[in-house]
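Q: Next come a sequence and a model predicted from it.
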Amino acid sequence: MGSGFCYCKKTLCKETTTQQHTTEVNVFEKMEDKEDNPKKINIIKAEIENVTIPNIQEEKKDILKTRNYLGLPQKQNFNKKIENNNNEINEQETKVKVYKSSQDLIHIDDHLKLPMSSENNESLNFNSINGSEFSQSIIEPSPKFVRKSFKSATGLDQTLLDKKLKNVEKNLPVSTESLILHQKGDFNKDYQILKKIGKGPFGAVYKAKNIHSKNIVALKSVKKDKKNKDNELNFENQMNILKQLHHPNIVKIHGFYSNEKYYQIITEFCKKGELFKYIKRSFTEKQLAIIFYQILSGLAFLHDKKIVHKNIKLKNIMVMEKERDINTNETYLWIKIIDFHTAEIFHQDKKEIHIYNSYYISPEGIHNKYTEKSDLWSVGVILHLALTGKIPFDGKTDDEIYYKIENTSYNDLDPRLLAHSPEVRDLLDKLLQKDENKRISAIEALNHKWFEAYGGRALFNNFRPEEVQHYITNLCTYSCESKLSQLVLAFLVHNMPESNSTYIILKLFRYFNSSGNCKLTKEELVKGLHYYRNEEQINKIVDELFLLLDGNNTGYIEFEEFYRACEDKNHILTKENIWYAFKFLDDKNTNTLDVQTLMRAFDAKPNKMLEAVFNKTLNKGGCNTKGVITVNEFEEILLKSLEKE
């Protein structure tokens with residue numbers, strides 16, 4: 001545009017033929033009609049949504065855009081408009097709870113980047129402009145004025161505000177990693193030692209009880225190496241890795257503690273003990289296939305995250321539960337991989353480490369050249385032991401064992417081995433391949449013909465339709481949009497002991513997860529639900545589930561996320577569990593929760609809009625004038641979110 005400028009539709013600049021000017025005039029005309037026809041407001045807002053608020057020091061044409069954007073009247077009726085707005089402020093304030101504090105409105109000022117000035121100025125005064133020059137006598141709007149007139153001036157009413165806050169909340173990630181804490185100090189404030197259940201070269205393992213939840217856990221205590229200055233950093237790095245391991249065949253980590261002398265690692269308690277005491281029994285190949293399918297599934301998950309266990313052995317595979325097949329009456333074992341070579345943190349020498357896993361070490365591992373294929377060799381050793389009752393490479397000393405591992409082959413003509421199927425012997429041969437480049441990978445092993453022939457996945461299809469129908473209904477109707485409720489469910493599911501419903505839901509999850517990697521994709525879920533819902537509904541249901549459950553935006557659903565949707569919420573949100581979650585969130589031990597508490601729980605950086613989201617959440621529980629809620633109000637918020645479902 002040229003030097004001319006239009007203040008209203010009656011006073012046009014010289015260059016009225018430009019497209020930009022025409023657009024501005026059209027929008028301006030509609031803005032003046034706003035009072036006569038309120039129904040046009042939304043249309044007008046949509047048209048001016050793309051108008052960026054200009055710098056107020058630029059040419060006068062930009063003032064028109066600013067006034068249009070904010071929904072402000074023009075000069076001749078501006079003061080009268082403000083007077084009417086100010087008379088309506090008190091009534092409007094009661095309608096928008098989240099605006100009750102001036103901080104919320106200050107944030108909106110910042111969000112829109114409105115110009116600020118002295119508290120003495122109560123109005124806007126735009127002086128005449130000669131050409132493209134902007135008069136220096138412009139008086140900017142004061143913070144006080146903007147706060148008073150913001151809602152009516154901008155049209156940012158409660159509906160629009162709720163929409164903005166809902167989008168902020170929707171994009172807030174819910175991550176189990178943020179709920180696994182490393183706490184400084186004594187663990188005794190949270191856990192009670194019951195008895196010692198194991199001892200190793202680097203520490204002891206205890207059976208313990210959580211004082212708040214009464215859940216039984218395993219507590220591993222490791223003595224610090226004071227000579228190692230990198231001890232603390234190495235420990236933190238290792239724990240950050242362990243936080244990522246959410247898989248049904250990997251032991252769950254609940255938290256970490258450290259003091260001057262020890263590190264403590266809290267994990268779930270595997271109540272049936274080590275696989276070592278079961279392996280000498282006479283298992284059918286189907287029973288073995290189910291055990292080894294779970295081991296390989298856990299390793300495939302680890303290797304996908306570029307993590308090498310390095311210490312796979314019978315004593316590091318625990319039995320969580322036993323289950324009897326409803327058709328064959330055979331007993332199957334649910335297993336967990338434990339002990340992710342935390343001893344590596346402390347830089348012990350090779351000989352000391354190898355004393356405890358010499359039988360399981362791979363040829364390349366002897367020379368400290370571990371890769372993910374080293375774990376597969378160890379699985380081969382365990383499989384050989386399960387099939388024959390013997391270690392494939394035995395010896396009286398470590399050196400003798402190492403020599404045999406590198407220079408001899410296992411006896412593939414052993415009669416006890418020949419008594420088994422060609423399929424399992426083929427898998428064993430691929431696992432005990434000395435050349436790591438030719439050795440089978442975990443994901444390749446999961447697809448081996450032995451599992452197809454002897455039903456490694458059969459257990460996961462082994463459920464009655466009436467057993468899972470209820471959980472499928474819960475899955476398809478899951479609609480927990482409250483991020484606080486999602487966070488509490490994530491915390492409780494991660495820390496609850498496994499139950500019968502856990503294993504039924506796990507079967508369903510594994511049935512859907514045809515790849516076996518425990519990363520349930522949209523395609524797999526759509527295919528699985530095809531048998532339970534009509535085709536038109538499935539895609540919409542799955543899209544909504546991924547929005548709600550894929551809290552860390554990985555593109556897939558992990559088992560714990562799947563379980564949160566399937567399990568009955570009344571089973572998870574018991575009064576005792578709600579109290580446990582409240583005490584966990586109350587990290588300052590004040591017996592209350594406030595906005596800052598929730599910010600820390602979500603591991604979120606300070607953010608005014610996010611604070612508004614949490615203020616709104618707390619208001620649902622009837623927070624007091626200090627902006628805090630008690631455990632009873634916390635329970636009310638969670639139960640209200642269930643009622644909406």
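A: Happy to help now that I have it.
Q: going forward, measure contacts between C-alpha atoms and count neighbours the same way
A: Noted.
Q: Helices of the stretch 301-450 of the chain, residue ranges please.
A: Here the stretch 301-450 of the chain has its helices, by DSSP state H, counting those that start in this stretch, at 350-354, 372-388, 398-407, 415-418, 422-431, 442-446, 449-454.
Q: need these in TSV with mean pLDDT, can you?
A: Output for the helices of the stretch 301-450 of the chain, formatted as TSV (pLDDT from 0 to 100):
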stretch	mean pLDDT
helix 350-354	39
helix 372-388	95
helix 398-407	95
helix 415-418	93
helix 422-431	97
helix 442-446	94
helix 449-454	87
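Q: Tell me which of those approaches L160 most closely.
A: L160 lies closest to helix 442-446 among the helices of the stretch 301-450 of the chain, at 48.8 Å (Cα to Cα).
Q: helices or strands next to that closest one in the packing?
A: Based on contacts counted as 3 or more Cα pairs under 8 Å, 6 or more residues apart in numbering; DSSP states H and E, the elements that helix 442-446 packs against are helix 285-304.
Q: quick one on the thing from earlier: looking at the helices of the stretch 301-450 of the chain, which is buried most?
A: Counting by mean count of other Cα atoms under 10 Å, helix 372-388 has the highest mean neighbour count of those, with a mean of 23.
Q: Now do that one and helix 422-431, the angle between them.
A: Calculated by axes from the mean of the first three to the mean of the last three Cα atoms, to 10 degrees, helix 372-388 forms an angle of 140 degrees with helix 422-431.
Q: Can you pull out the residues in contact with helix 372-388?
A: 279-280, 288, 292, 299, 303, 306-314, 359-362, 364-365, 390-392, 416-417, 420, 428, 431-433, 436, 439-442 (Cα atoms under 8 Å, 6 or more residues apart in numbering).
Q: Check the gap between F283 and Q294 for me.
A: F283 sits 16 Å away from Q294, taking Cα to Cα, to the nearest Å as the criterion.
Q: For the two, work out which one has more neighbours and name it.
A: Between F283 and Q294, Q294 has the larger neighbour count (other Cα atoms under 10 Å), namely 23 against 16.
Q: show me what contacts the more buried one?
A: For Q294, the contact set (Cα under 8 Å, 6+ apart) comprises 249, 334-335.
Q: Show me which of those residues is closest to A453.
A: Using Cα to Cα, the contacts of Q294 come closest to A453 at W334, 20.3 Å.
Q: Does the closest one have any beta-bridge partners, and if so which?
A: E321 (DSSP bridges).
Q: Surely it touches F292?
A: No - at 10.5 Å, W334 does not count as touching F292 under the criterion of Cα atoms under 8 Å.
Q: I'd like the helices of the stretch 301-450 of the chain laid out as a markdown table, including distance to Y580.
A: Shown next, in a markdown table, are those (distance: least, Cα to Cα, whole Å):
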| stretch | distance to Y580 |
| --- | --- |
| helix 350-354 | 39 |
| helix 372-388 | 38 |
| helix 398-407 | 49 |
| helix 415-418 | 51 |
| helix 422-431 | 45 |
| helix 442-446 | 38 |
| helix 449-454 | 42 |
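Q: Could you count how many residues lie near P173?
A: Neighbour count of P173, defined by other Cα under 10 Å: 19.
Q: My guess is it contacts L549. True?
A: No - between P173 and L549 there is no contact under Cα under 8 Å: 9.9 Å.
Q: For ChimeraX, write a command that selects the buried ones of the contacts of helix 372-388.
A: Filtering the contacts of helix 372-388 down to the buried ones (16 or more other Cα atoms under 10 Å) takes a single ChimeraX command:
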select :279,288,292,299,303,307,308,309,310,311,312,313,314,359,360,361,362,364,365,391,392,417,428,431,432,433,436,439,440,441,442
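Q: Tell me which other helices or strands the strand ranked longest in the chain touches.
A: For the chain, the strand with the greatest residue count under DSSP state E is strand 191-200. In terms of contacts (3+ Cα pairs under 8 Å, 6+ apart), strand 191-200 is packed against strand 203-210.
Q: The strand it packs on to strand 191-200, inter-axis angle?
A: Strand 203-210 and strand 191-200 are oriented at 160 degrees to each other (the same axes, to 10 degrees).
Q: Does strand 203-210 pack against any helices or strands, and if so which?
A: So strand 203-210, by 3+ Cα pairs under 8 Å, 6+ apart, packs with strand 191-200, strand 216-223.
Q: Can you tell me the strand partners of the first one and which way each runs?
A: Taking DSSP bridges as the criterion, strand 191-200 forms sheet pairs with strand 203-210 (antiparallel).
Q: contact partners of the partner strand?
A: In contact with strand 203-210 (Cα under 8 Å, 6+ apart) are residues 190-199, 215-223, 269.
Q: likewise stretch 543-551?
A: Looking at what lies outside stretch 543-551 - Cα under 8 Å, 6+ apart - the contacts are 173-175, 476, 478-481, 522, 555-557, 561-562, 565.
Q: And the average pLDDT for it is what?
A: Mean per-residue pLDDT for stretch 543-551: 89.
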